[in-house]
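Student: show me the folded form of this:
(one chain, ligands or ions: 1)
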Amino acid sequence: LSPQDLAGETVLVTAGPTREELDPVRYLSNYSSGKMGYAIARAARRRGARVILVSGPTALAAPVGIELVPVTSARQMREAVLQRLEEATVVIKAAAVADYRPAMRAEQKIKKGLEGSLILPLEKNPDILAELGSRKGNRLLVGFAAETADLLENARKKLTEKNLDLIVANDVSRSDAGFDVDTNAVRLLYRDGSGEELPLLGKDEVADQLLDRIARLLKPSL
Ligand code: PMT
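Tutor: Numbers count the residues shown, from 1 in each chain. Next up, the predicted model:
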């Protein structure tokens, strides 16, 4: 039986990739499968929370008992998250949001030209997590950092700059961790400068370990 230590909480989770359309048949995206975020959403539900899952396009089944809000682009994800923010007592941002989108979406399929190359201007997407950090209120804010180099340094920078309570530092250079696999290897870094390393675990187990820490941050007396 799962502990009901998140009863009374509303947990807003983001998962999956975003897709940034280039024309009617093409997009920019990344390898996120949504597995990590969906595992967190399911575990939070098992532990008694009300869960809202804002998800980019994935091949995963909608988890039972969870409010699923499907989105495609980073800008749609931002809208969906901001719309539900007031209800959330905890936000966990496991989604891999595209940092850039094509500056223009072509109305028609882009045709092959005569030149050997095509230059695509990109525009910066909004940083949803940074925006949440700037209007944090009392809610607990948890981010992920997917890094291929200088993991701890980069993750700690994101923790501070985005005003988070906890960041999950994800070394995505390993083939058994990060994008599109069933296991993950993460370090948890806290606001007070402390941190801990979890061993290689299934994503369901990573989710429960993460929620153990979150439950403790919410109720330090437990
Ligand atoms: O989905 P899976 O296949 O299971 O893979 C899991 C995962 C690797 C996607 C996941 O564990 C993970 O690391 N997610 C974060 C991926 C990411 O985009 O990291 P980042 O370091 O680029 O972003 C840092 C944080 O800011 C993230 O919480 C991200 O959701 C958020 N962000 C980033 C950019 C942006 N424009 N808006 C954001 O909110």
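Student: SS state for the residue in the chain sticking out farthest from the centre?
Tutor: Within the chain, Leu114 marks the point farthest from the mean C-alpha position, 40.2 Å out by C-alpha atoms, centre = their mean. Under DSSP: H, G, I helix; E, B strand; the rest coil, the three-state class of Leu114 is coil.
Student: now do the phi/psi pair for it.
Tutor: phi -80, psi -30 (degrees, to the nearest 10).
Student: pLDDT score assigned to it?
Tutor: Looking at Leu114, its pLDDT stands at 76.
Student: against Leu53, how distant is it?
Tutor: Per C-beta to C-beta, to the nearest Å, Leu114 is found 46 Å from Leu53. Just so you know, the C-beta spots here come from the backbone N, C-alpha and C atoms, and that holds for glycine as well.
Student: all strands for the protein, in order.
Tutor: Taking DSSP state E as the criterion, the chain carries its strands at 10-15, 20-23, 26-28, 50-55, 67-70, 90-93, 100-102, 122-124, 140-147, 166-171, 183-184, 186-190, 195-197, 201-202.
Student: out of those, nearest to Gly133?
Tutor: strand 140-147 (6.1 Å; C-beta to C-beta).
Student: which ones are touching the nearest residue to Thr72 once chain neighbours are set aside?
Tutor: Leaving aside its sequence neighbours, Thr72 sits nearest to Arg19 (C-beta to C-beta, 6 or more residues apart in numbering; 5.2 Å). The contact partners of Arg19, by C-beta atoms under 8 Å, 6 or more residues apart in numbering, come to 27-29, 56-57, 72-73, 98.
Student: Arg47 against Ala215, yeah?
Tutor: Yes. Arg47 lies in contact with Ala215 (C-beta atoms under 8 Å); the separation is 7.4 Å.
Student: the two: who's more crowded?
Tutor: It is Arg47, of Arg47 and Ala215, that has more neighbours when counted by other C-beta atoms under 10 Å, with 22 against 19.
Student: which ones are touching the residue nearest the centre of the chain?
Tutor: Taking C-alpha atoms, centre = their mean, the centroid of the chain lies closest to Ala94, which sits 1.9 Å from it. Residues counted as contacts of Ala94 (C-beta under 8 Å, 6+ apart) are 13-15, 36-37, 40, 144, 168.
Student: that older thread, ok, the contacts of Arg19 vs the ligand, which is closest?
Tutor: Each of these was checked against the ligand using C-beta to the nearest ligand atom; the closest is Ala98, at 7.0 Å.
Student: pLDDT score assigned to that closest one?
Tutor: For Ala98, the predicted pLDDT is 98.
Student: residues contacting it?
Tutor: So Ala98 contacts 17-20, 28-30, 73-74, 125 (C-beta under 8 Å, 6+ apart).
Student: and the gap between the closest residue to Leu159 other than its chain neighbours and the ligand?
Tutor: Residue nearest to Leu159 in three dimensions, not counting chain neighbours: Ile167, with 4.2 Å by C-beta to C-beta, 6+ apart. Noted for Ile167: a distance of 8 Å to the ligand, by C-beta to the nearest ligand atom, to the nearest Å.
Student: centre of the chain to the longest helix along the chain, how far?
Tutor: In the chain, assigned by DSSP state H, the helix with the most residues is helix 203-218. Taking C-alpha atoms, centre = their mean, to the nearest Å, one finds helix 203-218 lying 15 Å from the centre of the chain it belongs to.
Student: quick revisit: nearest to Ser194 among the contacts of Ala98?
Tutor: Once C-beta to C-beta is applied, the member of the contacts of Ala98 that ends up nearest Ser194 is Asn30, at 30.0 Å.
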